[in-house]
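In: Here is my input, please return the structure:
(one chain, ligands or ions: 2)
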Amino acid sequence: MLKLDNVSKVYPAGKNEYAGGIRNADFNLEPGTFFTMLGPSGCGKTTTLRCIAGLEEPDKGRILLDGRPIFDGAAGVSVPMHRRNIGMVFQSYAIWPHMSVFENVAFPLKVSKAERYSTAEIDKAVHGALEVVGLGGYGARSATQLSGGQQQRIALARAIVHRPKLLLLDEPLSNLDATLREGMRTELKRLQTELGITAVYVTHDQTEALAMSDVIAVIQKGHVQQFGTPQDIYFRPANEFVAGFIGHTNILRGKSLGGSADAVTVEIGGGVRIRCHADADQRSGETVGVSIRPENIVLAGGHEVANENNNRLIGRVGSVSFLGNVLHYVVTVGDQAMQVESNPDRRFEPGSEVALSFAPRHGRVLPVA
Ligand SMILES: Nc1ncnc2c1ncn2[C@@H]1O[C@H](COP(=O)(O)OP(=O)(O)OP(=O)(O)O)[C@@H](O)[C@H]1O
Ligand SMILES: [Mg+2]
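Out: Ligands and ions are numbered 1, 2, ... in the order given. Model prediction:
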């Protein structure tokens, strides 16, 4: 449905800055996919969307929509924006305050160069789109009389009114409060599934990305770090950056002593050895990071040995906070502060010596970022 083939768009660098943009983006999306680009501010998410929409011309690469090139740097092809049949919701959702709800949503049809619409067709399409976003009957209202969440839906109705095959959404929920945001998240996902539309969604909120997406690209400084399902990204992060960006994690630096993928030994500070898991066999002598999620560590008293097959590190509790469903600890192990989440049934007070235990499969060996 949408294919990006080695697409780059790099802006000239300012003083003492790296040149912003996106580099060598490669994606291939099946029809109906909900695809999310996730990454910190300035990593190139909006740039990529603008390239797909036709608001920005890439330096190189190819973009194919439904098998047809809409951009091809080498062949000199660039289909103008209004002929790409793409709907877009902008980061600031850009509702026109002087227009009614109806006029806002009808706008793309009225100015369409690709197709002429009759008044009756426009009427039908706008009412249909408003119905879909739950704003049936709001057409005559002035756009400014609506709440933030309702304005958000107008922006969405306007993006889908011409029935695009592809919908681009740039942080569409970022201006909403937490409750509304969660509601809209579910609604947006339902809408996308119902319309069978392919969506490219942009966010820097990892929970949102995990909850909504079929596939995610994690981007850092213009480079795609990993492209995969939410499960892939969470459980099999490609490197330290991805592991740290998606959910909380502890990274222990150490030296690999080699081994087959499912039984790698890593020596961390103070000569302590732990058994870990990697995606491939490991060579000896390399510096690696080991990612251990806070929820995969079990705490016990310093003298207890819970499970002989697990790795066992000794540390001292620095702080403990009650978060309702879990206790959150910061435990000092050597010179490293480790985060641990555990069952509130048992509590270790600050200062106590504890044993941190985790299964080898929960220590993931990652390339150093
Ligand atoms: N027109 C431009 N000229 C020069 N640099 C630009 C231009 N547009 C964007 N950049 C730079 O390119 C980088 C990526 O910008 P982009 O807007 O794609 O980031 P983003 O991932 O959408 O960030 P955010 O989450 O803050 O919206 C930034 O460093 C930005 O400063
Ligand atoms: Mg942006």
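In: Over stretch 256-264, what's the mean pLDDT, rounded is fine.
Out: Average pLDDT, stretch 256-264: 91.
In: Flag every buried residue along it.
Out: 256, 259, 264 (16 or more other CB atoms under 10 Å). From N, CA and C alone the C-beta is placed, and that goes for glycine too.
In: just checking, the second one touches residue 286?
Out: Meaning residue 259. No. Residue 259 is beyond contact range of residue 286, at 11.7 Å (criterion: CB atoms under 8 Å).
In: Give me the below-cutoff pLDDT ranges for this structure.
Out: For the chain, the stretches with pLDDT under 70 are 16, 369.
In: go with 80
Out: Within the chain, the stretches with pLDDT under 80 are 14-18, 91-93, 113-114, 175-177, 179-180, 305-306, 369.
In: Mind checking which of the buried residues of stretch 256-264 land in helices?
Out: Within the buried residues of stretch 256-264, no residue falls in helices by DSSP state H.
In: Could you pull up the residues touching residue 306?
Out: 298, 300, 355, 357 (CB atoms under 8 Å, 6 or more residues apart in numbering).
In: wait, residue 77
Out: Contacts of residue 77 (CB under 8 Å, 6+ apart): 69-71.
In: Would you pull up the residue in the stretch 151-300 of the chain closest to ligand 1?
Out: The nearest approach of the stretch 151-300 of the chain to ligand 1 comes at residue 204, 5.1 Å away (CB to the nearest ligand atom).
In: who in the stretch 1-150 of the chain is up against ligand 1?
Out: Selection of the stretch 1-150 of the chain residues close to ligand 1 by CB under 6 Å from any ligand atom yields 11, 20-21, 39, 41-47.
In: from those, which ones fall inside helices?
Out: Those of those lying in helices (DSSP H): 45-47.
In: would you list the residues you listed in JSON lines and tack on neighbour count?
Out: Formatted as JSON lines, those follow (neighbours: other CB atoms under 10 Å):
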{"residue": "45", "neighbour count": "25"}
{"residue": "46", "neighbour count": "20"}
{"residue": "47", "neighbour count": "23"}
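In: need those in a markdown table with distance to residue 235, can you?
Out: Listed next are these as a markdown table, based on distance: CB to CB, whole Å:
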| residue | distance to residue 235 |
| --- | --- |
| 45 | 23 |
| 46 | 29 |
| 47 | 29 |
